[in-house]
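Colleague: Provided below for reference: sequence and predicted model.
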Amino acid sequence: MKPFLHLPTLSGSKAMIYFAELFMTGGQHAAFNGAMLQVLARAFPREKISLFAAQSHYEELIAKESDLTGVLYHPVHIISNKSGNPGRWLLKFFNELIQIIRVLIRGRKKSIHLIYFSFLSPLGQWLVSKYARYMAYKGQKILITLHGLDILHPAGSQKRVDRIYAKLLKKAFACAAKNKRYIVLEERVADYLVKNRHLQPAEIVQIAHPYQFQASISPRIDKPVIFAHLGIARLAKNSHLFFDLASRFATEISRGDIVFQVVGPVLPELKPYLNPWVQYVNHEVFLSQVDYQRHCERAHYAVFFYDESNYALTSSGAVMDAIAYRLPILALTGPVFDSLQSITPAFPGKLYPDVELMYQGICEIIKNHGAIHRHFDVAFVDLQLHYSIEHVAEQLMKQVPIR
């Protein structure tokens, strides 16, 4: 992608970057935001960063041991995410718009050169796009990270609300502005956006999904062998197949040889598929960063059921967590894993064309757990280097130079 942004520095003082997370609360996107704060700090070392986020989210960033030295924190009231309550979601969207307006007005008054939005709803995207086109002052730049673009895929089974979201997102894209650019975390997503004329190449900054990797984690060959479903369990992820698969190992689970566990909330839509063979916490509140980390450190393998219709245009934070905790990936073949195969010649796990072959593969893993886990562990070295703060900061600097 072509360099597009030059941040001028103020004479006698430091320039300022606004980092706005006006949608997520608690531990949601904490891993990404903590890493992105470090990427911006490393890429733009001469600029101070002001963080606008919910208090609960800021506390999770601290718990994750993010380096927030020098970051000026501004608490923002954000309504937490809860599914199944349309009224609450409408109130959340309205609150998001209010907070966006406050940040934009403050940024305009203080002549902030760069405002970075870590996540925006489609409605928020539309509002920011209008501002960037008609109200941003000369020299002010706006960066927006794009997440979860699978709603752009036309599908007959798509929910009505997703079709509305898709229309709003397309309207936001159509409201182009020279000072507005989008950070895209997957090359395949960037290619899709350009190919389908949603965005021009010059509007895109393509970087890897940054992650703060901790000290090296040794291969875990203890028992019981824990197969983990990372992140929120929902139908869009085909999470019901995880429960179906666990039921086929009822004997091994009863003996205490293996464990199937959801590390994250289970949505009510999965109620018909729940069974006693999977350990989970059945609520819609995300685990704290400490609890999530503890479960990931105990797990041995990460299991995914993404298919061609889901997560094709989304960078999966759960996959990044699997890489971070060196959990070999057992998954159905799909586009979400294509980028991993292009980074390292040794895929960190095994891809299966269908669930039956995955079942057979897990049977083999249970028999030879120690040797198989050690074999997969080698591939994580290349992946952690590719997604490291240092490498992503270099990618950003090449596309966003400072003079």
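Modeller: Cool, the structure landed.

Colleague: Report the separation between the closest residue to I101 other than its chain neighbours and R46.
Modeller: Spatial nearest neighbour of I101, chain neighbours left out: L127 (7.6 Å); criterion: Cβ to Cβ, 6 or more residues apart in numbering. Heads up, the C-betas are built off the backbone N, CA and C, glycines and all. To R46, L127 is 30 Å away according to Cβ to Cβ, to the nearest Å.

Colleague: Which one of these two is surrounded by more residues?
Modeller: L127 (20 against 9; other Cβ atoms under 10 Å).

Colleague: now what about the helix or strand containing that one, what contacts it?
Modeller: Secondary structure from DSSP states H and E places L127 in helix 122-134. For helix 122-134, the surrounding residues in contact (Cβ atoms under 8 Å, 6 or more residues apart in numbering) are 22-23, 93, 96-97, 100-101, 104, 117, 120, 142, 144, 151, 164-166, 168-169, 171-173, 175-177, 179-180.

Colleague: pLDDT weak spots in the stretch 251-400 of the chain?
Modeller: 283-285, 309-311 (pLDDT under 70).

Colleague: hmm, 50 instead?
Modeller: Of all residues in the stretch 251-400 of the chain, none has pLDDT under 50.

Colleague: Next, the angle helix 122-134 makes with the longest helix belonging to the chain.
Modeller: Longest helix in the chain, counting residues (DSSP state H): helix 86-109. For helix 86-109 against helix 122-134, the angle by axes from the mean of the first three to the mean of the last three Cα atoms, to 10 degrees is 20 degrees.

Colleague: What helices and strands are in contact with helix 86-109?
Modeller: Applying 3 or more Cβ pairs under 8 Å, 6 or more residues apart in numbering; DSSP states H and E, one finds that helix 86-109 makes contact with strand 16-21, strand 114-119, helix 122-134.

Colleague: Would you reformat those as a markdown table and include distance to P265?
Modeller: A markdown table is the format used below for those (distance: least, Cβ to Cβ, whole Å):
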| stretch | distance to P265 |
| --- | --- |
| strand 16-21 | 20 |
| strand 114-119 | 18 |
| helix 122-134 | 23 |
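
Colleague: So how do I select the buried members of the contacts of helix 122-134 in PyMOL?
Modeller: Buried members of the contacts of helix 122-134, defined by 16 or more other Cβ atoms under 10 Å, are picked up in PyMOL with:
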select buried, resi 22+23+93+96+97+100+104+117+120+142+144+151+165+166+168+169+172+173+175+177+179+180
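
Colleague: How about the contacts made by A246?
Modeller: 227, 253, 260, 275, 277-278.

Colleague: Revised request: answer the last question for G148.
Modeller: Contacts of G148 (Cβ under 8 Å, 6+ apart): 313-314.

Colleague: May I ask which two of the contacts of A246 are separated the most?
Modeller: F227 and N275 (14.6 Å; Cβ to Cβ).

Colleague: tell me the pLDDT at the residue nearest to I101?
Modeller: The per-residue pLDDT reported for L127 equals 97.

Colleague: again, but for L5
Modeller: For L5, the model assigns a pLDDT of 45.

Colleague: returning to that earlier point: now the helix holding L127 against strand 114-119, angle please.
Modeller: 160 degrees.

Colleague: about what we covered before: which positions within the longest helix of the chain qualify as buried?
Modeller: Buried, per 16+ other Cβ under 10 Å, within helix 86-109: 89, 92-93, 95-97, 99-100, 103-104, 107.

Colleague: Just the CA trace of the helix holding L127, in CSV.
Modeller: Listed next in CSV are the C-alpha coordinates belonging to helix 122-134 (Å, rounded to 0.1, in the frame of the first residue of the first chain):
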residue,chain,number,x,y,z
PRO,A,122,-21.5,0.5,11.2
LEU,A,123,-23.5,3.4,12.5
GLY,A,124,-20.4,4.9,14.1
GLN,A,125,-18.5,4.3,10.8
TRP,A,126,-21.1,6.3,9.0
LEU,A,127,-20.9,9.2,11.5
VAL,A,128,-17.1,9.4,11.5
SER,A,129,-17.1,9.2,7.7
LYS,A,130,-19.4,12.2,7.5
TYR,A,131,-17.2,14.1,9.9
ALA,A,132,-14.0,13.2,8.0
ARG,A,133,-15.5,14.4,4.7
TYR,A,134,-17.1,17.6,5.8
